[in-house]
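K.L.:
structure of the sequence below:
(chains A and B)
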Number of protein chains: 2
Amino acid sequence: MALDFNILNVSEAGGRRAQLHLPHQTIETPVFMPVGTAGTVKAVAQDVLESLGAQIILGNTYHLYLRPGHEAIRRMGGLHKFISWPRAMLTDSGGFQVYSLTQLRKISDEGVRFRSHLDGSSHFFTPEHSIDVQIALGADICMAFDECTEYPADRDRAKESLRLTMSWARRSLDHFRARQDEVVWRDACNGKTQSVFGIVQGGVYADLRRESAERLVEMDFDGYAIGGLSVGEPREATLEVISTVLPLLPKDKPRYVMGVGFPDEIAQYARMGVDMMDCVIPTRAARHGLLFTSEGRMNIKNKKYAEDQYPPDPTCGCMVCGRYSRAYLRHLARAGEPLGGTLNSIHNLAYYLGVMQRVRAELRAPQATTSRLETNPTRP
Amino acid sequence: MALDFNILNVSEAGGRRAQLHLPHQTIETPVFMPVGTAGTVKAVAQDVLESLGAQIILGNTYHLYLRPGHEAIRRMGGLHKFISWPRAMLTDSGGFQVYSLTQLRKISDEGVRFRSHLDGSSHFFTPEHSIDVQIALGADICMAFDECTEYPADRDRAKESLRLTMSWARRSLDHFRARQDEVVWRDACNGKTQSVFGIVQGGVYADLRRESAERLVEMDFDGYAIGGLSVGEPREATLEVISTVLPLLPKDKPRYVMGVGFPDEIAQYARMGVDMMDCVIPTRAARHGLLFTSEGRMNIKNKKYAEDQYPPDPTCGCMVCGRYSRAYLRHLARAGEPLGGTLNSIHNLAYYLGVMQRVRAELRAPQATTSRLETNPTRP
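P.N.:
Purely as a prediction, here's the structure:
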């Protein structure tokens, strides 16, 4: 068994409060997943991520394949062990990074030839190879290899791209099912294995998205992602794609929207029924001095904070807001001190995880009421 | 009262186990002081420094004067409050940074005109101004303004440099005594104030070092530093200067050797009777992937650690060695990930602080035996 998805409550708007049982961790969903590109959530130590309540983090297959290499990671017991992260992990397929980071890509039905952004060396990724790399890495959840359709893309281009992604999804799934027992921690986790999610593509075209979802559902993945978002399209388009696709996905499987978004977006999508989201925004923005707070976005480098002794967000209970002032964070950012990036990242992750925690509390509410009544049937 | 220095035990070799009572912290000496140049020990958060057992950290007057500015820090309650560090602090005088970081210096009897390494702006530091800046910053210990004699320097040059440093020491002390009540936390610390240390210079010339020490002792500082070391001289020269100067300093006042050294050096000097040392080596080396361990120095970027799953130092109890492998630290260093600098710095600081803790235990031993006998007089 790979995953078990246990829905506790569904709101009228479709938001789901659930538990996702993965080999390394039971995840309370909806969940926000910090991104640990190269096996580290940039500038934040693993013990800090734990104390922030991060339940699952991402690793990027493309980066880890190039450095230190998936075979080395497998020999060292898999990604969890390599980076000393005992909770859950998810790896993407590498498709998005091939799309966004490399030059001289050459795409064929067979796969993608690309040059490394590190040293220009030539590599060839197929769906089978992406899955092999992800099995070597050994995250709890793998993703099917897809082509991320660029924005804007005309209908013909989006259709052709989708054809490729659907063919690759089939090959990814078949290869995964044949090999999923090979994950290095299988015996240590009582015979549990990894899961694999399919990725809905189709650009901003509702009919293509629909076709994509239906074909993937037919293939019977362990969960479903909506990809090809956050590639420059307007926010209404993102929302429309999500609204179109969600009703087509099986109710009893986890739904993951990849690469979104700002705090209000992740809350909005979670309330609509998205169970999982990841985004580099909280950590990337942090390194540029942008903080998310209950009062909105704050550019901590702004001169007006030069002697501001309030915490970044006075209503926030994170370890950064509990100890440091805006003036100090501004000073660190202006001086280019590494501690600035670290503290800003910790706060932003606390903020994102807090947003999702509040959405979970909202979604739990009716359930909680019910169970209180059931426990005390004589009380109103 | 500024400081109280209470010697608990003196070894045959002259090493002293003591307590240095400062307004913000009682320091167990001999002590190693991590360097927090711009108000942050690079890449290490304050709560981590606390858990490592750091008792006192440095701030650099030159850097903090230029950014964010000493008046801003005073208005925010002083450096302790600004950076949220409740334990002890020491600021240098700015003399060493003017010597090592700036160009177009123009030195006169009155002071030094120099250009900022940040923006090229022109500034003039006098002994009085350095003390004013240090009082605004409000560290527990200030340093007299000195000229750091370069190495090599011929006798005439060293003698002239020393003449200046001695005149500036007198002016620093007089100005400090006139203003020491102005420190912003005086009332909050029950009327306690800062202390000021004089700095022995004189290059590698024993007679000049002797003259310098004697004249400073006559001025009656709260403590004494040996400066002008770690400027490129051979290690035997460093040792000889320390051996020459230590016997000339008052036994009942703290002795501080500035800017040294490697782990074996700080242990050696502490055993000779040096009470305080600071050095950027543990954090700077860490950022370049150099780790100090019980088995010697380790360049963590070395290929031989690519799949080495041992902790950096298997005998070390620090939080890094307790969780991460050499292979992971190598990966972080090669990938230029900020977490690498942070984890390496934490380990190296733990190593330095551990060295000093073991020296303190050695120096305490006879005393501890005595007090056990006294507590249990009937037992052998």
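K.L.:
within range of chain B, give me the residues from chain A.
P.N.:
A:38-40, A:42-47, A:67-68, A:72, A:75-77, A:82-84, A:306-307, A:309, A:319, A:323-325, A:327-328, A:330-332, A:334-335, A:337-339, A:341-343 (CB under 8 Å from any CB of the partner chain). Just so you know, the C-beta spots here come from the backbone N, C-alpha and C atoms, and that holds for glycine as well.
K.L.:
just the buried residues from these, in ChimeraX please.
P.N.:
To isolate the buried members of these in ChimeraX, using 16 or more other CB atoms under 10 Å in any protein chain shown:
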select /A:38,39,40,42,43,44,45,46,68,72,75,76,82,83,306,307,319,323,324,325,327,328,330,331,332,334,335,337,338,339,341,342,343
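K.L.:
counting only strands, which of the residues of chain A next to chain B make the cut?
P.N.:
Of the residues of chain A next to chain B, none are assigned to strands by DSSP state E.
K.L.:
in helices, which of the residues of chain A next to chain B fall?
P.N.:
Among these, the members found in helices (DSSP state H) are A:46-47, A:72, A:75, A:82-83, A:327-328, A:330-332, A:334, A:338-339, A:341-343.
K.L.:
tell me the pLDDT at the most centrally placed residue in chain A?
P.N.:
Centroid-nearest residue in chain A: A:Asp278, 2.8 Å away (criterion: CA atoms, centre = their mean). With respect to pLDDT, A:Asp278 scores 98.
K.L.:
so which elements touch the host helix or strand of it?
P.N.:
Per DSSP states H and E, A:Asp278 falls inside strand A:276-279. If you count contacts as 3 or more CB pairs under 8 Å, 6 or more residues apart in numbering or on different chains; DSSP states H and E, strand A:276-279 packs onto strand A:31-34, strand A:255-257, helix A:263-272.
K.L.:
how much space separates A:Glu150 from B:Val231?
P.N.:
Distance of A:Glu150 to B:Val231, computed by CB to CB, to the nearest Å: 57 Å.
K.L.:
could you do A:Glu240 as well?
P.N.:
A:Glu240 is 66 Å from B:Val231, by CB to CB.
K.L.:
and A:Leu329, by the same measure?
P.N.:
Applying CB to CB to A:Leu329 and B:Val231 gives a distance of 35 Å.
K.L.:
for those two, indicate the residue with more neighbours.
P.N.:
A:Leu329 (27 against 18; other CB atoms under 10 Å in any protein chain shown).
K.L.:
go ahead and confirm that one touches A:Asn344.
P.N.:
Yes. The criterion here is CB atoms under 8 Å, and A:Leu329 meets it with A:Asn344 at 6.5 Å.
K.L.:
and for those two, which residues touch both?
P.N.:
Counting by CB atoms under 8 Å, 6 or more residues apart in numbering or on different chains, the residues touching both A:Leu329 and A:Asn344 are A:291, A:300, A:320.
K.L.:
okay if I get the residues you listed as CSV plus pLDDT and distance to B:Leu246?
P.N.:
As requested, the shared contacts of A:Leu329 and A:Asn344 are exported to CSV (pLDDT from 0 to 100; distance: CB to CB, whole Å):
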residue, pLDDT, distance to B:Leu246
A:Leu291, 98, 50
A:Ile300, 98, 47
A:Val320, 98, 43
